[in-house]
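[1] A predicted structure for the sequence below; I have some questions about it.
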Amino acid sequence: MGSIRGMMGLICQRDGGRGDGAAERRAASLSAGLILLPGAAAAEVCDKTRPDWDGTPQSMISEAIGLFLSPAGLFLCAAMAMALVFRHAMGTAIVALLWSFFITALVMGLDDPIRAAAVNEGCVAPPTLFIAASTAICLAAVTYTFRREKRL
């Protein structure tokens, strides 16, 4: 706190001692802006969320690839492939439902302040591309396995 008081004193001296409070307001807004800057705690976010992060900003493509290669993503891709190979409509619908549960869990975690700080730092990207690709895969699979009526 002493450094903020010293900063306010320097700004007040520049004001010429008018006493109108403008210098104090400027000092308060400057100190509030400095408090809101990310500090050491924000820099450690990437060490906790992505320990092997090399410092380059994460793109949405690399985030989508990482989510597809996660254990849940690999399981859902394999289950969808099996449902498509056997052209099983109910299996495809169940796997699409499991995809929606996975995406819901992913989206619900977006409100986490640690994840938001990691996105701001650049070590985590938004999962928008992954969600769009997953939705397209599920829609295409359900459409492909849709049973049509047989005509005579």
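    Happy to help now that I have it.
[2] Contacts only, for residue 72.
    residue 102 (CB atoms under 8 Å, 6 or more residues apart in numbering). The way it works is simple: take the backbone N, C-alpha and C, and place the C-beta from them, glycine included.
[3] Mind pulling up the pLDDT for it?
    Here, the pLDDT recorded for residue 72 equals 96.
[4] before we move on, which element is it in?
    Using DSSP states H and E, residue 72 maps to helix 71-85.
[5] Got the domain ranges for the protein?
    Following automatic domain parsing, one finds the domains of the chain at 1-37, 41-145.
[6] which residues touch residue 89?
    Listed by CB under 8 Å, 6+ apart, the contact partners of residue 89 are 142, 145, 146, 147.
[7] now residue 45, nearest residue through space, not along the chain?
    Nearest residue to residue 45, sequence neighbours excluded (CB to CB, 6 or more residues apart in numbering): residue 117, at 4.4 Å.
[8] Counting neighbours, which bits of the helix or strand harbouring the one you found end up buried?
    Secondary structure from DSSP H and E places residue 117 in helix 113-121. Buried residues in helix 113-121, counted by 16 or more other CB atoms under 10 Å: 117, 118, 119, 121.
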